[in-house]
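K.L.:
just the structure for this:
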Amino acid sequence: MRVNNIVIVGGGTAGFMTATTFVRLFPDKKITLIESPNIKTVGVGESTITQFRQWLSLVRIKDEDFMKECNAIYKFSLRFTNFHKKKNSKIDYPFGNPLSIDENGFNLWYFKKIIYPKTGLNDYADSYYPIMSMVNNNKIYTGKELGNYNFKRDTAFHFDATKFGIWLRDNVCKGKINHIKSEVKEIKTNKNGIEYLELENGKLITGDLFIDCTGFKSLLLEGALNEDFIPYNDIIPNNKAWATHVNYTDKKKQLEPTTNATALKNGWVWNIPLWSKIGTGYVYSDKYTTDEKALIEFKKHLKKNKHDISNCKFTNIPMKIGIHKRLFVKNVVAIGLSAGFIEPLESNGLYTVHEFLHYLTRLFENEVITQWSRDNFNYSCRNTFNNFAEFVSMHYALSERDDTEYWRANNDRVYDKTLYDLQPTQHRGFRETIINKMYNNRYDSLHGISCILSGMNNSPLSDNTLRYGNFVEEFDYTPYMVSIKALDDRKKYWNDVVKDSPTLYEYLKKEVYNV
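P.N.:
Numbering: from 1, shown residues only. Next comes the predicted model:
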């Protein structure tokens, strides 16, 4: 298949990110984007992870280009409140690469936890990630004296996803694509996939490649080509969300560089600070509560946090959790929710969009797309999706909450398929975690998963393990004391580096929003 004429069905963030990618990387291609005039995007605020910066670099978009227009702020970490225990538990997953201190690598902290049992579980992140000094003090630092921290590599964004899609439309795609606002009335298929689209305005649209960005509806891949959908409810418990926006009551304090996920009785609430407001929503399972009860629980949470909800508009969002068996079938490829979705935890909403787009553009390095190319794309996307889905599911699998039927069901969930049937994936998978804990007695810098494991008190080491492995009745911890002190000294140094830096609010006000 030779691709010169690309048709994107669906607007929104996924549609215009797709159009932007092809406009910037393949300007010689003919690109048509068909957008329904009747479908509104959800627009609940978007939280990204650092790979989003890779996509921005790929399509040559700078921070200052879009931030002011999209209510954007910088983000340094994710926080999970009350996931481990019902009360007073906190897990931070900061961005950037962890920084070891000696030959013990990232296992030194577990020795510290054994020697000093009262050490807080979140101290792991504080000890290995320099960026935590910024998170804990709500500061922003752009210099080079903070360990291995790099501002352009180790930060991400919160922004208004609806405004971001509009910004891409007006500032990158305008004049470079054929943008049609019309409903797709009929889809004509043949042995090669889609032959043409008939629009409500009477136009017939043909193309070499059709990209499905129609959201959960998956109008092309599932609707027209009947591609099977594989649900992931065996490892992901949630399928619904209530979403809204709330106003700041103390913006200088509440505008934090962190996406906070707070576990409640039947799911969890996201808190995404934007420049002008806070995006928030309650992710839950309708197997354990009703929509009405979930909304009551969500409102109670917001009031407890002193938010005025009298003028809030609450939107209920059904979520289709899983992925299609194949994402590239004949001349159709799915990007975004039409391909698959895990759930909002760990800010993965746009992650599959830019990752799958990157894989797709790799196919265009050759003149012809073959079935081998499609199969490579499908494998890469499924592997990436499985990898992240496993990571997300571990937030539930490792929890010790048992205060409601919802959390007890997570404790009782059987992970046989994940543990035994799936092939080992990269650094987030179940298998690596089990092997490293049960056999190797160490974690080798598993990045985010080590933060989750430590925050859930899932240590690879114990005094019994050390005595067992070293054939001793009493293990000598003396050799580790100097390095443990160095861990604490370095944390103090990192905090000293950022102490005179502006708060996130002060920096954004001056450097981005000019107010």
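K.L.:
where are the low-confidence patches of the stretch 351-500 of the chain?
P.N.:
Scanning the stretch 351-500 of the chain for pLDDT under 70 picks out the ranges 416-429.
K.L.:
quick one: the helices in it?
P.N.:
In the stretch 351-500 of the chain, the segments counted as helices under DSSP state H, counting those that start in this stretch are 351-363, 371-397, 405-412, 416, 430-435, 448-455, 463-470, 481-498.
K.L.:
possible to save those helices as TSV with distance to Ser310 and mean neighbour count?
P.N.:
Every residue, glycine included, has its C-beta placed from N, CA and C. TSV is the format used below for the helices of the stretch 351-500 of the chain (distance: least, CB to CB, whole Å; neighbours: other CB atoms under 10 Å):
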stretch	distance to Ser310	mean neighbour count
helix 351-363	35	21
helix 371-397	33	19
helix 405-412	29	16
helix 416	48	8
helix 430-435	45	17
helix 448-455	36	24
helix 463-470	55	13
helix 481-498	38	16
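K.L.:
redo the ones you listed as TSV? Include distance to Lys112.
P.N.:
Formatted as TSV, those follow (distance: least, CB to CB, whole Å):
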stretch	distance to Lys112
helix 351-363	33
helix 371-397	23
helix 405-412	28
helix 416	35
helix 430-435	21
helix 448-455	11
helix 463-470	13
helix 481-498	5
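K.L.:
tell me which of these sits nearest to Met1.
P.N.:
Among the helices of the stretch 351-500 of the chain, the nearest to Met1 by CB to CB is helix 371-397 (8.6 Å).
K.L.:
okay, now the unreliable bits of the stretch 101-250 of the chain?
P.N.:
Along the stretch 101-250 of the chain, no part satisfies pLDDT under 70.
K.L.:
out of the helices of the stretch 351-500 of the chain, flag the one nearest Phe83.
P.N.:
Closest approach to Phe83 among the helices of the stretch 351-500 of the chain is made by helix 371-397 (5.8 Å; CB to CB).
K.L.:
now the angle from that closest one to helix 448-455?
P.N.:
Between the axis of helix 371-397 and that of helix 448-455 there is an angle of 10 degrees, by axes from the mean of the first three to the mean of the last three CA atoms, to 10 degrees.
K.L.:
show me what helix 371-397 is packed against.
P.N.:
Applying 3 or more CB pairs under 8 Å, 6 or more residues apart in numbering; DSSP states H and E, we find helix 371-397 packed against strand 322-324, strand 328-329, helix 351-363, helix 430-435, helix 448-455.
K.L.:
redo the ones you listed as a markdown table? Include distance to Tyr379.
P.N.:
Shown next, in a markdown table, are the helices and strands packed on helix 371-397 (distance: least, CB to CB, whole Å):
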| stretch | distance to Tyr379 |
| --- | --- |
| strand 322-324 | 12 |
| strand 328-329 | 10 |
| helix 351-363 | 10 |
| helix 430-435 | 18 |
| helix 448-455 | 22 |
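K.L.:
out of the ones you listed, nearest to His395?
P.N.:
Among the helices and strands packed on helix 371-397, helix 448-455 comes nearest to His395, with 6.3 Å by CB to CB.
K.L.:
mean confidence score for the host helix or strand of Glu292?
P.N.:
If you go by DSSP states H and E, Glu292 is part of helix 291-304. Mean pLDDT, helix 291-304: 98.
K.L.:
before I go, just wanted to say thanks for your time.
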